[in-house]
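Asker: Would you be able to build a 3D model of this:
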Amino acid sequence: MKRKRELLEIKGSEIRSAIEELTVLVKLKPNDHINLGSGDAKIPTLPFLSICNLVLQVLDKIGPTMTVLRKDIHQNIQRMEKVLESDPSLYSNVVEMLKKEEAEGNSKLRTSCSRAFVWLTRSLDFTVALLQNLTKDFGQNMEQTVEESYNTTLRSWHGWISSAAYKVALKLVPEKKTFISLLLAKHENYDTLKDEIETLISLLVPFLEEVHSVLGSYRLDRIKCP
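Answerer: Numbers count the residues shown, from 1 in each chain. I've put the predicted structure just below:
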């Protein structure tokens, strides 16, 4: 995973790299018409974790506001990587991790891979909402953009402790122009970035719909944190 992250960092913007990872992920899917509620569902682990690592890089650009979320994402990625390394062939499919923990009765423990997968998915939900709001209304300030994205994706799953920490950190977001300039690849302009963001969203949304179907089938979709 370390080598993969290094390669992604030199290829261009995080948005462009995420598009490439999602394209790979779609190609790895064995059947677009599988029953996602069954044990036959497939979510390739490495591409999924690579996309989550790219989300970390995007959140870094928002600054201290996303420190708590960023830390959680990093820990959840590490948790899933550790299980993947224990049996790379078996756990090349995230669903195998979910099946194992469900059979053992520990899928909802705080340190489970199932729980890590839930929160990584929700972090991707937040990222999609953030990018959608970013391109939808350029006149909206960054604080409003982040707050609206948080309210529609993460807020309902956070308890008062997490929500309170977020509200304090919200005051530290950068200006929108600064954030966008940090997302731009070398020699890239805003129109090109916007096109790439829209392409990423068009790939990520249907993928996340499938992931949420899997979470629902394993009864993991209602997990909350303090």
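Asker: In the strand or helix carrying Asp72, which of the residues would be classed as buried?
Answerer: Assignment of secondary structure by DSSP states H and E places Asp72 within helix 67-86. Neighbour counts over helix 67-86 (16 or more other CB atoms under 10 Å) mark Leu69, Arg70, Asp72, Ile73, Asn76, Ile77, Arg79, Met80, Glu81, Val83, Leu84 as buried. C-beta: built from backbone N, CA, C; applies to glycine.
Asker: what does stretch 193-202 give?
Answerer: Leu193, Lys194, Glu196, Ile197, Thr199, Leu200, Ile201.
Asker: now the last one: how far from Leu130?
Answerer: So that's Ile201. For Ile201, the distance to Leu130 equals 10 Å [CB to CB, to the nearest Å].
Asker: same deal with the third one?
Answerer: From Glu196 over to Leu130 the distance is 15 Å, taken as CB to CB.
Asker: Kindly report the same for Thr152.
Answerer: From Thr152 to Leu130 the distance is 10 Å (CB to CB).
Asker: Show me which of the two is the more surrounded one.
Answerer: Between Thr152 and Leu130, counting by other CB atoms under 10 Å, Leu130 is the more crowded of the two (24 against 15).
Asker: Tell me which helix or strand that one sits in.
Answerer: helix 113-136.
Asker: Output that helix as PDB, nothing but the C-alphas.
Answerer: Extracted in PDB, the C-alpha atoms of helix 113-136 (Å, rounded to 0.1, in the frame of the first residue of the first chain):
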ATOM      1  CA  CYS A 113     -13.100  -4.400  10.100                       C
ATOM      2  CA  SER A 114     -16.800  -4.300   9.500                       C
ATOM      3  CA  ARG A 115     -17.100  -1.100  11.600                       C
ATOM      4  CA  ALA A 116     -14.000   0.300   9.900                       C
ATOM      5  CA  PHE A 117     -15.600  -0.400   6.500                       C
ATOM      6  CA  VAL A 118     -18.800   1.400   7.600                       C
ATOM      7  CA  TRP A 119     -16.900   4.600   8.600                       C
ATOM      8  CA  LEU A 120     -14.700   4.600   5.500                       C
ATOM      9  CA  THR A 121     -17.800   4.300   3.400                       C
ATOM     10  CA  ARG A 122     -19.400   7.300   5.200                       C
ATOM     11  CA  SER A 123     -16.200   9.300   4.800                       C
ATOM     12  CA  LEU A 124     -16.600   8.700   1.000                       C
ATOM     13  CA  ASP A 125     -20.200   9.800   1.300                       C
ATOM     14  CA  PHE A 126     -19.000  13.000   2.900                       C
ATOM     15  CA  THR A 127     -16.400  13.500   0.200                       C
ATOM     16  CA  VAL A 128     -19.000  13.100  -2.600                       C
ATOM     17  CA  ALA A 129     -21.300  15.700  -0.900                       C
ATOM     18  CA  LEU A 130     -18.300  18.100  -0.400                       C
ATOM     19  CA  LEU A 131     -17.300  17.900  -4.100                       C
ATOM     20  CA  GLN A 132     -20.900  18.200  -5.200                       C
ATOM     21  CA  ASN A 133     -21.400  21.300  -3.100                       C
ATOM     22  CA  LEU A 134     -18.100  22.700  -4.200                       C
ATOM     23  CA  THR A 135     -19.000  22.700  -7.900                       C
ATOM     24  CA  LYS A 136     -22.700  23.500  -7.400                       C
END
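Asker: Great, nothing more from me.
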